[in-house]
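*Asks:* Could you look at this predicted model? Sequence included:
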Amino acid sequence: MLLDRDGTLIEDVPYNGDPDKVRPVPGARAALDRLRAAGLRLAVVTNQSGLARGLFTAAQMRAVHARVEQLLGPFDAWLVCPHDDGDGCGCRKPAPGLVYAAARELGTVPSRCVLVGDIGRDMNAASAAGASGILVPTPVTRPQEVAAAPQLAPDLPAAVAEILRRQAAVDPSTYRPADSRPARPTGSGSGQRSGDDGSRLADTAAGRRTVQGTGGRRVGTVLVVRADSAGDVLVTGPAIRAVAAGAERVVLLCGPRGRAAAELLPGVDEIVEHRLPWIDPAPDPVEPADMRGLVDRLAAVGVDEAVVFTSFHQSPLPLALLLRLAGVRRVSAISDDYPGSLLDVRHRVPAGVPEPERALSLAAAAGFALADHDGPALRLRPVPAPPPEVGAPGYVVLHPGSAAQARGCPPELAARIARALTAAGHRVVVTGGPDERELTARVAGDVAVDLGGRTSLVGLAATVAGAGAVVVGNTGPAHLAAAHGVPVVSLFAPTVPFGQWGPWRVPTVRLGDAEAPCRDTRAARCPVPGHPCLAGVEPGQVLDGLRLLGVAPPVRPAPPVAGRGSGVPAGASTGGSG
């Protein structure tokens, strides 16, 4: 748990070197004690340019930090940037250096950290290191920073409560159904009860749901379902691995758009492909014979239970009915709609939770957790070497297209980005699907390698794996990059929330207008002429993003700039009494 100092832990007194002026924000001590009681380690990450400007001394700063600890309790580490904006260091937020250093001090990695701060610099530093971020706005927080934040909380206690809720939600041993009540017999079958709304819920003892699929019990065959596109299937991967950790056999039901991604997921033993007309964006009519065929096919699989993963705007209930007809005895899903007797575990998730985490919480509700040796990250099966024409690893992949036009990069902008990257010394590889050959040829021109339509999804994954960074919109290759730990410059159209659909737990720089009129419309095609959310991006911002991520051009290396890169410069220091 990483915390900004001024405006987040204590009232913001500009360039404060006086301990007597330290005033904690309301509820800070109790909130921090909750984190300590939960076993989380705490670090402060703070810019203090007053040191560089001579406005206070290091001794005065340490006295301020001692007073903070006197009022708020001890911290496990203090990480301070003593530089000013013009110093070109790698530790001053929004650079990620302090986040990397804090993770090392706490014995972890940035992807297992959450940073709480009050301005956009805090969120950008967290994202650039691959950490999560929660913005607690204050009067100095700009509206565009609020709009771009991956997650918001009204105050520090609320941010802490959300962190602890999300931590518990992915752990079957601490998961509690939102409407959990003491178990009572209902005659609805062994090990089940009815909620006040009539929905069937897993049996509870003292209000806690009995854990299934953990504690040494092995479930037989579990059907997991994600009937969306490739990107949707990829972000469900950690939850599927959690199910696989407690199942003897995992069968994945997916649609044709997600089949290739399904084949890349560890933990999947068998794939059943079927187009679901209530999920598919271009659905065929519902044919009774087709539905009867699906029921028969699912019955033949011999499923002991099913976990139905859906996106936040989809319903699992049509498939749950078919699963009942196929004889599946236990069905778990996220559903805000009343499910009647269709679901045994009805799970609900607040809006805005990252999709991989949302799916993990459903797996936990069903009783499945990741194996001890497995961590919460996107992963793929091994992929082959990249195509030979891309050359040595370290190139930049530029993926301009998307199945949803609203989430793609405008072609003219993508072509300018390719030229700017090449001019800066980066080797550029342009990728796209079979129907995007004209687009990729236009973007690549005579400066980049054009792989448009020339790779399968496995080949695309291999190409991404060899990249130094990926420049991409909100589409599947962003999640391939996250699965390989490849940094992402995200040209993110705000049609859906960035905190929910952005690259997960990988160093990322987000570009684009988060306040654009298309915000939260879920539009597949841009509803605003000119694609303004991305059209205003300049190629120089992409280059700046790569520098922030520590991705240097390999072709014409420039003289080193002090503090550049993902490491922490010598000037980054710990201070205070923690």
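*Replies:* Received, thanks.

*Asks:* Low-confidence regions, the stretch 451-578 of the chain specifically.
*Replies:* Under the criterion of pLDDT under 70, the regions of the stretch 451-578 of the chain flagged as low confidence span 555-578.

*Asks:* Please report how far the most centrally placed residue in the chain lies from Asn474.
*Replies:* Closest to where the C-alpha atoms of the chain average out (CA atoms, centre = their mean) is Trp504, at 2.7 Å. Here the criterion is CB to CB, to the nearest Å. By it, Trp504 lies 12 Å from Asn474. C-betas here are computed from N, CA, C, even on glycine.

*Asks:* now swap in Ile163 and tell me
*Replies:* 25 Å.

*Asks:* Okay, strands next: where are they in the stretch 401-550 of the chain?
*Replies:* Taking DSSP state E, counting those that start in this stretch as the test, the strands found in the stretch 401-550 of the chain are 428-430, 449-450, 469-472, 488-491, 508-511.

*Asks:* The fourth one packs against which elements?
*Replies:* With contacts defined as 3 or more CB pairs under 8 Å, 6 or more residues apart in numbering; DSSP states H and E, the secondary structure elements packing on strand 488-491 are strand 469-472, helix 476-484, strand 508-511, helix 539-548.

*Asks:* C-alpha coordinates for that strand, PDB please?
*Replies:* Written as PDB, here are the backbone C-alpha positions of strand 488-491 (Å, rounded to 0.1, in the frame of the first residue of the first chain):
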ATOM      1  CA  VAL A 488       1.900  -0.400 -23.100                       C
ATOM      2  CA  VAL A 489       1.200   3.100 -24.400                       C
ATOM      3  CA  SER A 490      -2.600   3.000 -24.300                       C
ATOM      4  CA  LEU A 491      -4.500   5.100 -26.900                       C
END
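
*Asks:* what's in contact with it?
*Replies:* If you take CB atoms under 8 Å, 6 or more residues apart in numbering as the criterion, strand 488-491 is touched by 409, 469-474, 478, 481-482, 498, 502-503, 506-512, 534, 537, 542, 545-546, 549.

*Asks:* tell me how far that strand is from the chain's mean position?
*Replies:* The chain centroid and the centroid of strand 488-491 are separated by 13 Å, computed with CA atoms, centre = their mean, to the nearest Å.

*Asks:* And for the second one?
*Replies:* A distance of 29 Å separates the C-alpha centroid of strand 449-450 from that of its chain, computed with CA atoms, centre = their mean.

*Asks:* on that earlier part again, columns distance to Gln167 on top of the strands of the stretch 401-550 of the chain, output as TSV?
*Replies:* Compiled in TSV, the strands of the stretch 401-550 of the chain are given as follows (distance: least, CB to CB, whole Å):
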stretch	distance to Gln167
strand 428-430	38
strand 449-450	43
strand 469-472	29
strand 488-491	25
strand 508-511	22
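
*Asks:* what's the closest of those strands to Met61?
*Replies:* Using CB to CB as the criterion, the shortest distance between Met61 and the strands of the stretch 401-550 of the chain is 29.6 Å, found for strand 508-511.

*Asks:* partner strands of that closest one, parallel or antiparallel?
*Replies:* For strand 508-511, sheet partners with direction are given as strand 488-491 (parallel), following DSSP bridges.

*Asks:* Show me the strands in the stretch 101-250 of the chain, by range?
*Replies:* Listed from the start of the chain, the stretch 101-250 of the chain has strands (DSSP E, counting those that start in this stretch) covering 114-117, 132-135, 192-194, 200-202, 204-205, 208-209, 219-225, 247-254.
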